[in-house]
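J.: I would like to see how this sequence folds:
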Amino acid sequence: MQTVYVTTNGCDEGQLKSMHVQQYFVKNGFVVTKDPAQADYVVFYACGLTNEKEKESIQMLKRLQAATQNSAKFVLWGCLTKQNPKCLSGIYDGPLIGPRDINYFETLLGKRFKLEDVSGNTLDLPGKQSEDEVCPKLAFDPVADILSHLKENVEKIRLPSRKWLFDADSYFIRVSEGCTGKCTYCSERLAWGRAKSKPIQKIVDEFNLGLQRGYKRFFLVAADLGPYGIDIGSNLVELLQILVKLDEEKDYQIILNQMNPVDLIRLLPGLESVLASGKIEALGCQVESGSDRILQLMQRGYRAKDWRDCMLRINKKFPSVRLSTHIIIGFPSETEKDFAATIKLLDFPIFIDWVGFFLFSPRPTVYASRLPGQVPQNVKNERFKKIYRKYLYMNTLNIIIGNLHYYKSKITQN
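T.: Below is the predicted model:
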């Protein structure tokens, strides 16, 4: 029986794609091995988002090639093959497969089965909670209750961490691929292409399957979630209105990630009814910078104030919804004034549960890499330290204030 080794250093989308391929090999009679030296096929999905990720991918490629037996078939695919194929010259001489060229594996294995015969949009991870678990209701003890609340929330002070986001008890559903943006710093569109939405009914079928399996957390995966449906005559609000009402008797949560502020600003009035359902656990909206000048150079299409207003509105009306964002540090020509505006985004009373900080990386295929005023690496490093400290400080402050409000409400009730 033949064996396969599948790995990636990519994002959640890369992991989902890799899981899809692994499941496809299993469907074709392969056994999965954790040792590339024992594999008949070695499949590596390589990330090329930043210069650092590219270096990491090259190092992993060389290690895997050294470990792979001569008789084995080695397949390199993923974003890096589209973002900077030149970096692979002299290192890898096989086919360069992009993330949307997944049908290559049907040809590779002789089309014994179709890729659609296996789940490509879910990670069937262990750790599902029993439907029969019941938390007993206890009489209120002010001291014990408040201490318990503090203990549960103190973990947030250790952020940034997305451990709470990518929980083992999550059901991942890919709702679209590609994007509609033209961001000058991003090489992802080169790898993924334009947006392609999955039909609502197919998403509903997968969601129902997850419910039947006992899952309670559903992660909607997309590189650009906001424009969902633009190519099929639908929209994200319509999809979510259906999903939150699929089984109102069951306690399940939905995680929304990778949303451009342009789309959140446009969709928020309609999204409020969805947020009011109590079934949206988290929402990620990537602001990137607090400077409108920099946002314009990035071709993001919104003002920083509009993003902050949306976040504050959700904080106030739906405080249980966890918010996350991305910030790019050191975009070309970013001044201290621009950076100060970005730090100001995190000022009280906004509460962002997780922030991903990225140092601008001048990828060879992106427009921003050719802009004047490239920021030195040491300046980017120092700015990262400043904004990271600000973020931890503001998170801690918000948690303390939140616990004081909690304490006050408990005393008032009793």
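
J.: Give the residue spans of the protein that score low on pLDDT.
T.: Applying pLDDT under 70 to the chain flags residues 119-168, 402-414.

J.: How is it divided into domains?
T.: Domain ranges of the chain: 3-117, 142-413, per automatic domain parsing.

J.: And residue 220, its phi and psi?
T.: phi -90, psi 110 (degrees, to the nearest 10).

J.: from what I can see it touches residue 258, true?
T.: No - with contact defined as Cβ atoms under 8 Å, residue 220 does not reach residue 258; the gap is 9.1 Å. Using the backbone N, CA and C atoms, a C-beta is placed for each residue, glycine as well.

J.: Kindly reformat the domains of the chain as TSV and extend each row with mean neighbour count.
T.: Below are these laid out as TSV (neighbours: other Cβ atoms under 10 Å):
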stretch	mean neighbour count
domain 3-117	18
domain 142-413	17
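
J.: List the contacts of residue 180.
T.: If a contact means Cβ atoms under 8 Å, 6 or more residues apart in numbering, then residue 180 has 194-195, 224, 227, 230 as its contacts.

J.: Identify the residue spatially nearest to residue 179, adjacent ones excluded.
T.: residue 224 (3.4 Å; Cβ to Cβ, 6 or more residues apart in numbering).

J.: any idea how far that neighbour is from residue 194?
T.: 10 Å (Cβ to Cβ, to the nearest Å).

J.: Quickly list what's touching both of these two.
T.: With Cβ under 8 Å, 6+ apart, residue 224 and residue 194 have common neighbours 178-180.

J.: quick one, phi/psi of residue 338?
T.: phi -60, psi -40.

J.: quick one, helices of the stretch 51-200 of the chain?
T.: Applying DSSP state H, counting those that start in this stretch to the stretch 51-200 of the chain gives helices spanning 51-67, 80-83, 104-108, 142-154, 188-192, 200-212.

J.: Can you pull out the residues in contact with the shortest one?
T.: Going back to what we said before, that points to helix 80-83. 46-49, 53-54, 57, 87-88, 96-99, 187, 190-191, 363, 365.

J.: give me that answer again for 6 Å
T.: Helix 80-83 has contacts (Cβ atoms under 6 Å, 6 or more residues apart in numbering) with 46, 48, 57, 96, 98, 187, 190-191, 365.

J.: what does the fifth one give?
T.: Outside helix 188-192, the residues within contact range by Cβ under 6 Å, 6+ apart are 79, 82-83, 98-99, 177-179, 223, 365.

J.: For residue 341, see how far away the residue nearest to residue 179 is.
T.: 25 Å.

J.: try residue 213
T.: Residue 213 is 46 Å from residue 341, by Cβ to Cβ.

J.: cool, residue 21 as well?
T.: As for residue 21, its distance to residue 341 is 43 Å (criterion: Cβ to Cβ).

J.: One more: residue 48?
T.: Residue 48 is 30 Å from residue 341, by Cβ to Cβ.

J.: same deal with residue 96?
T.: 40 Å.

J.: roughly how far apart are residue 12 and residue 315?
T.: Distance from residue 12 to residue 315, by Cβ to Cβ: 25 Å.

J.: actually residue 264, not the one I wrote
T.: On the measure of Cβ to Cβ, residue 264 and residue 315 end up 13 Å apart.

J.: With residue 231 instead?
T.: Taking Cβ to Cβ, one finds residue 231 at 32 Å from residue 315.

J.: could you check the angle helix 200-212 makes with the strand or helix carrying residue 239?
T.: Take DSSP states H and E as the rule and residue 239 turns out to sit in helix 236-243. Here the directions of helix 236-243 and helix 200-212 differ by 40 degrees (axes from the mean of the first three to the mean of the last three Cα atoms, to 10 degrees).

J.: just how off-centre is helix 236-243 within its chain?
T.: 19 Å (Cα atoms, centre = their mean, to the nearest Å).

J.: which other residues reach the very next helix or strand once past it?
T.: Sequence order places strand 253-259 as the next helix or strand after helix 236-243, per DSSP H and E. Taking contacts as Cβ under 6 Å, 6+ apart, the residues outside strand 253-259 that touch it are 217-220, 222, 225-226, 279-285.

J.: roughly how far out does strand 253-259 sit from the chain middle?
T.: Worked out by Cα atoms, centre = their mean, strand 253-259 lies 8 Å from the chain centre.

J.: now the angle from it to helix 200-212?
T.: 140 degrees.

J.: Can you work out which other helices and strands pack against whichever helix or strand comes after strand 253-259?
T.: From strand 253-259 onward toward the C-terminus, using DSSP H and E, the following helix or strand is helix 261-275. On a contact count with 3 or more Cβ pairs under 6 Å, 6 or more residues apart in numbering; DSSP states H and E, helix 261-275 meets helix 236-243, helix 304-317.

J.: May I have the last one as CSV, with CA atoms only?
T.: It stands for helix 304-317. Extracted as CSV, the C-alpha positions of helix 304-317 are listed here (Å, rounded to 0.1, in the frame of the first residue of the first chain):
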residue,chain,number,x,y,z
ALA,A,304,-9.4,54.8,9.2
LYS,A,305,-12.1,56.7,11.2
ASP,A,306,-14.8,54.7,9.4
TRP,A,307,-13.3,51.4,10.4
ARG,A,308,-12.9,52.6,14.0
ASP,A,309,-16.5,53.8,14.1
CYS,A,310,-17.7,50.4,12.9
MET,A,311,-15.7,48.6,15.6
LEU,A,312,-16.9,50.9,18.3
ARG,A,313,-20.5,50.4,17.1
ILE,A,314,-20.1,46.6,17.4
ASN,A,315,-18.3,46.9,20.7
LYS,A,316,-21.2,48.9,22.1
LYS,A,317,-24.2,47.1,20.6
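
J.: Run through the neighbouring helices and strands of it.
T.: Using 3+ Cβ pairs under 6 Å, 6+ apart: helix 304-317 touches helix 261-275.

J.: and the helix it packs on, how far from the chain's centre?
T.: Distance, centroid of helix 261-275 to centroid of chain: 19 Å (Cα atoms, centre = their mean).

J.: Partner strands of the helix or strand just after that helix and their direction?
T.: Once the chain leaves helix 261-275, the next helix or strand it forms, by DSSP H and E, is strand 280-285. Strand 280-285 has the following strand partners under DSSP bridges: strand 253-259 (parallel), strand 322-329 (parallel).
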